[in-house]
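A.B. asks: any chance you could fold what I've pasted below:
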Amino acid sequence: MTLDVAALRKQFPSLDSGIAHFDGPGGTQTPRPVAEAVANALSGPLSNRGDGVASERNATGFVTEFRAAYADFLGADPRGIVYGRSATQLTLDFARHLAKTWGPGDEVVVSRLDHDANIRPWILAAERVGATVRWAEFDPATAELDLDGLASLIGARTRLVAVTGASNLVGTMPPIPQIAQLAHDRGALLYVDGVHYAAHRAVDLAALGADFFVCSPYKFLGPHCAVLAADPALLETIVPDKLLPSTDEVPERFEFGTLPYETMAGATAAVDFLAALAPGEGRTRRERLLNSLAATEAHEDSLRELTQDGLASLGSAITLHSRAAVRTPTLFLTMPGRRSWDAYQYLATLNVLAPAGSFYAIEPFQALRLDDEYGLRIGMAPYNEPAEVDRLIDGLAGFLGS
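C.D. replies: From the prediction side, this is the model:
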């Protein structure tokens with residue numbers, strides 16, 4: 001399967017702006033069918049859920065369809081799909097839920113490679129109950145997670161291991177199935193921040209071995225929200241704080257208040273949109289998704305290689321920190337003697353968006369010990385094209401020569 005990028009780009013009204021978007025890791029642009037799904041849901045008829053009139057049935061359908069869509073997207077059970085406002089919110093919630101059974105002497109392992117949304121919630125939860133936090137390190141020279149070091153941290157008192165599926169800063173993709181085995185051999189749970197991973201690779205919850213996997217549809221063409229996937233049987237063992245009248249059914253007992261039906265409709269539309277990109281002969285939505293995501297992955301990786309070649313042509317003026325053997329099409333770089341923020345602003349004058357920052361990945365950013373307040377992050381999305389890469393490289397060359 002190959003991706004028809006020209007046809008794809010016509011589905012994104014925002015691209016008419018002429019901006020070359022390399023800010024996908026922070027959130028992608030939205031295709032027309034997703035925006036229309038949100039608008040159509042809102043314009044209704046729409047009420048709270050029920051089975052009486054059409055407005056109630058619509059709301060019920062949006063929830064049911066959302067769970068089915070993300071079960072297909074993540075290779076999960078619809079009864080294990082939890083809606084959330086953001087991955088940060090979901091992780092903060094589940095850290096509180098899970099920590100109810102922790103106490104002094106228990107341990108949680110977090111990774112120095114992670115976004116803070118998969119670090120701070122576990123630290124805060126551990127502090128509240130007197131549990132111990134242990135840190136898995138990564139090697140700045142290779143951008144790889146230290147697996148031997150991680151294995152040595154997981155012991156009989158480890159209750160949970162939290163690790164990224166892919167670093168949103170440098171793109172590193174740790175071997176999650178191997179880490180899952182390490183955790184499960186010691187009776188620990190594995191919580192995977194898959195926000196950056198799910199934007200670039202097909203997800204199979206069982207194959208990964210993750211007990212919890214969280215992702216954000218707005219990173220892959222959907223609206224601003226998040227999804228957590230887990231085995232429904234595992235969710236049945238977790239008791240959240242909730243309002244007395246709210247349901248005790250899984251997964252909804254983890255979703256607080258009235259759900260945003262229009263957002264769920266848009267998130268479902270994003271899955272359907274992705275499944276139609278290069279569906280091949282897929283008969284089920286899951287099969288069409290796998291085919292389409294394989295085509296997207298090949299396209300994005302080819303753009304990453306093209307970008308890397310362009311950066312290499314700029315010589316020692318560029319230091320690339322994305323070095324892992326297995327990684328997403330996300331490149332994090334600095335320019336010795338120059339400020340990344342200045343490069344970001346220069347590129348913006350050319351309608352090229354490559355943001356500068358640490359992107360909430362404060363631990364890996366600090367571990368890199370950069371001689372710069374920020375770094376420049378270049379991320380690929382399905383709608384990017386080679387001509388935009390040329391604009392980016394020419395822009396960086398112009399900045400370096402200025």
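A.B. asks: touching, I378 and S322? I think so.
C.D. replies: No - I378 is beyond contact range of S322, at 9.0 Å (criterion: C-beta atoms under 8 Å). (C-beta placed from N, C-alpha, C; glycine too.)
A.B. asks: what touches both of the two?
C.D. replies: Where contact means C-beta atoms under 8 Å, 6 or more residues apart in numbering, the residues bridging I378 and S322 through contact with each are T330, L331, F332, L333.
A.B. asks: could you redo those as TSV and give each row distance to L46, secondary structure and neighbour count?
C.D. replies: Output for these, formatted as TSV (distance: C-beta to C-beta, whole Å; DSSP: H, G, I helix; E, B strand; the rest coil; neighbours: other C-beta atoms under 10 Å):
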residue	distance to L46	secondary structure	neighbour count
T330	37	strand	25
L331	42	strand	24
F332	42	strand	29
L333	46	strand	21
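A.B. asks: what ranges does the stretch 51-200 of the chain have for its helices?
C.D. replies: Listed in chain order, the helices of the stretch 51-200 of the chain (DSSP state H, counting those that start in this stretch) span residues 54-74, 87-99, 120-129, 147-153, 176-185.
A.B. asks: looking at the shared contacts of I378 and S322, spot the one nearest A71.
C.D. replies: The nearest member of the shared contacts of I378 and S322 to A71, counting by C-beta to C-beta, is T330 at 26.8 Å.
A.B. asks: just for the protein, where's the confidence low?
C.D. replies: In the prediction, the chain carries no residues with pLDDT under 70.
A.B. asks: any idea which strand is longest in it?
C.D. replies: Criterion DSSP state E: the longest strand present in the chain is strand 158-164.
A.B. asks: give the partner strands of that one in its sheet and their orientations.
C.D. replies: Sheet neighbours of strand 158-164, with direction, are listed as strand 107-111 (parallel), strand 189-193 (parallel) (DSSP bridges).
A.B. asks: the ones you listed: which one's closest to F254?
C.D. replies: Closest of the strands paired with strand 158-164 to F254 is strand 189-193, at 14.0 Å (criterion: C-beta to C-beta).
A.B. asks: export the shared contacts of I378 and S322 to CSV and tack on distance to T28?
C.D. replies: CSV is the format used below for those (distance: C-beta to C-beta, whole Å):
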residue, distance to T28
T330, 13
L331, 17
F332, 18
L333, 21
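A.B. asks: how many residues are close by S292?
C.D. replies: S292 is surrounded by 23 other residues when neighbours are defined as other C-beta atoms under 10 Å.
A.B. asks: so it touches F273, yeah?
C.D. replies: No - the criterion here is C-beta under 8 Å, and S292 misses it with F273 at 9.3 Å.
A.B. asks: select the longest helix from this structure.
C.D. replies: When the chain is scanned for its longest helix (criterion: DSSP state H), the result is helix 285-312.
A.B. asks: in it, what counts as buried?
C.D. replies: Of the residues in helix 285-312, those scored as buried under the neighbour-count criterion (16 or more other C-beta atoms under 10 Å) are 285-286, 288-297, 299-300, 303-304, 306-308, 310-311.
A.B. asks: how about stretch 25-35?
C.D. replies: Neighbour-count burial for stretch 25-35, with 16+ other C-beta under 10 Å as criterion, is recorded at P25, G26, G27, T28, Q29, T30, P31, V34, A35.
A.B. asks: how near is the fourth one to T319?
C.D. replies: Computed as C-beta to C-beta, to the nearest Å, the T28 to T319 distance reads 27 Å.
A.B. asks: for Y197, same thing?
C.D. replies: The span separating Y197 from T319 equals 25 Å under the rule C-beta to C-beta.
A.B. asks: so if I had to pick from these two, which one is more boxed in?
C.D. replies: The residue with more neighbours, out of Y197 and T319, is Y197; 24 against 16, by other C-beta under 10 Å.
A.B. asks: which ones are touching P175?
C.D. replies: L147, V326.
A.B. asks: how long is stretch 110-119 end to end?
C.D. replies: With C-alpha to C-alpha, to the nearest Å as the measure, the ends of stretch 110-119 fall 6 Å from one another.
A.B. asks: what lies in contact with it?
C.D. replies: Defining contact as C-beta under 8 Å, 6+ apart, one finds that stretch 110-119 is touched by 86-88, 91, 122-123, 133-138, 145, 150, 162-164, 167-169, 172, 174, 191, 193, 195-196, 359-364, 367.
A.B. asks: would you confirm that E388 contacts I19?
C.D. replies: No - counting by C-beta under 8 Å, E388 does not reach I19; the two are 9.3 Å apart.
A.B. asks: overlap in contacts of the two?
C.D. replies: Overlap between the contact sets of E388 and I19, as judged by C-beta under 8 Å, 6+ apart, is given by V352.
A.B. asks: and the gap between P382 and T319?
C.D. replies: According to C-beta to C-beta, P382 stands 28 Å off from T319.
A.B. asks: which stretches of the stretch 301-402 of the chain form strands?
C.D. replies: Ranges of strands in the stretch 301-402 of the chain, per DSSP state E, counting those that start in this stretch, are 319-320, 330-334, 352-353, 356-357, 375-379.
A.B. asks: orientation of the last one relative to helix 285-312 in degrees?
C.D. replies: Using axes from the mean of the first three to the mean of the last three C-alpha atoms, to 10 degrees, one finds that strand 375-379 and helix 285-312 are set 140 degrees apart in direction.
A.B. asks: picking up where we left off before, quick one: which of the buried residues of stretch 25-35 is nearest P279?
C.D. replies: For these, the minimum distance to P279 (C-beta to C-beta) is 15.7 Å, reached by P31.
A.B. asks: what sits against the closest one?
C.D. replies: Taking C-beta under 8 Å, 6+ apart as the contact definition, P31 lies against Q11, F12, L221, A270, F273.
A.B. asks: surely G50 meets R57?
C.D. replies: Yes - when contacts are counted by C-beta under 8 Å, G50 is listed as touching R57 (7.3 Å).
A.B. asks: neighbour count for those two, which is higher?
C.D. replies: With other C-beta under 10 Å as the criterion, G50 and R57 differ in neighbour count, and R57 comes out ahead with 15 against 12.
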